[in-house]
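# Here's a sequence, model it:
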Amino acid sequence: MKLFELLSSSASSAGVSMSRRRMLLGGTAVAAAATAACGSPLPGLLSAASVPASDNVSQDTPVQIFTAALIAEDLATTFYYNGLVGPVIQDPNLAGSGGTAASPASSNSNVPNVGYLRGALSEEIAHANLMRSLSGGSAASGDPVQTFYLPTGCFNTLSAFLGVLNALENAFIGAYLNAVQEFAQMAADVKSGAQAYKDSTGKAYSNVQLEYFAKVASSILGVEAEHRALGRAINPSASAIPANNLNYQQDDGLSSVYNGSASAVAALTPFLNPGSGLTGYSLATALSGAASVSLATTGNPPN
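Next up is the predicted model:
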């Protein structure tokens with residue numbers, strides 16, 4: 001079953017959807033604060049305690065990981081774009097009253113903070129482009145998800161926006177941590193002859209290719225961790241000091257990327273379906289408007 005079909009069917013099943021949403025709405029303290037600020041439910045993240053001990057996670061395939069990551073990166077693209085064009089951009093910790101992402105106010109703005117978000121948008125688009133090519137896609141118009149649903153009002157205030165940013169980046173970090181581990185296991189499987197893994201055309205990956213995918217996933221993880229820390233640096237609250245508060249990045253309760261109730265796919269599901277207190281945002285709109293608000297970033301995947 002394709003990822004989009006899996007997500008759609010799981011969301012349309014009342015029993016699964018409601019129980020999963022209850023787990024997902026737990027979230028972290030920051031996510032809970034964003035929920036209150038938005039005045040609507042914030043899709044949170046699975047906690048390890050929410051996952052039954054008997055839950056056996058199936059082995060993901062490379063294409064499944066690439067596709068799940070593509071959806072996550074498209075969600076990130078849509079999120080950062082709407083933050084850059086939404087009312088929150090006029091917060092004095094960003095572009096200031098009367099300012100825009102491309103032209104911050106002269107008297108009450110923080111240009112470096114705006115630059116963090118503009119750079120993040122470019123980076124998420126670059127990540128999505130890579131995942132699209134690896135999963136066999138060609139154009140963003142063919143991506144599995146074209147509309148993402150976020151808490152109504154999350155682009156209105158800084159506290160709400162940063163709460164969602166923190167929740168999303170924690171999920172992305174957890175997903176890529178699991179991707180690194182899974183690609184390493186796949187490489188070992190192939191090297192030992194225990195199992196083969198194929199691309200979207202049916203061609204088998206070598207263990208060297210799978211090892212390289214682990215390296216690429218770790219390089220993206222590093223950038224997502226930067227986003228998390230820079231989001232905390234924007235936050236004027238004393239609770240966000242230090243912004244780089246973790247000795248180690250965390251998997252956020254996720255144990256796989258694609259398969260299982262503690263997967264990144266499960267964590268993303270609430271962002272992919274309409275519901276009460278949620279507003280839909282178009283990926284196509286974000287991509288078409290990105291050039292006007294993003295800042296160019298540099299670098300290609302590692303060798």
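# which residue ranges form the strands in the stretch 1-150 of the chain?
Ranges of strands in the stretch 1-150 of the chain, per DSSP state E, counting those that start in this stretch, are 147-151.
# let me fix that: the stretch 201-303 of the chain
278-282.
# show me where it has helices.
207-234, 264-268, 283-293 (DSSP state H, counting those that start in this stretch).
# For Phe161, find the nearest of these.
helix 207-234 (8.8 Å; CB to CB). For every residue, glycine as well, the C-beta is placed using N, CA and C.
# list the helices and strands that closest one packs on?
Helices and strands touching helix 207-234, as assessed by 3 or more CB pairs under 8 Å, 6 or more residues apart in numbering; DSSP states H and E, comprise helix 62-85, helix 111-134, helix 158-192.
# Could you single out the most deeply buried of those?
Of the helices and strands packed on helix 207-234, the one with the most neighbours on average (mean count of other CB atoms under 10 Å) is helix 62-85, at a mean of 25.
# quick one: that one to helix 111-134, angle?
Angle of helix 62-85 versus helix 111-134, following axes from the mean of the first three to the mean of the last three CA atoms, to 10 degrees, is 150 degrees.
# Which other helices and strands does helix 62-85 contact?
Looks like helix 62-85 contacts helix 3-12, helix 111-134, strand 147-151, helix 158-192, helix 207-234, helix 264-268, strand 278-282, helix 283-293 (3+ CB pairs under 8 Å, 6+ apart).
# Tell me which of these sits nearest to Ser141.
Ser141 lies closest, by CB to CB, to one member of these: helix 283-293, at 7.0 Å.
# Quick check: buried residues in the closest one?
Of the residues in helix 283-293, those buried by neighbour count under the rule 16 or more other CB atoms under 10 Å are 283, 286-287, 289-290, 293.
# chain center to stretch 206-215: distance?
Remark: stretch 206-215 is offset 22 Å from the chain centroid, using CA atoms, centre = their mean, to the nearest Å.
# no, scratch that, I was asking about stretch 230-239
19 Å.
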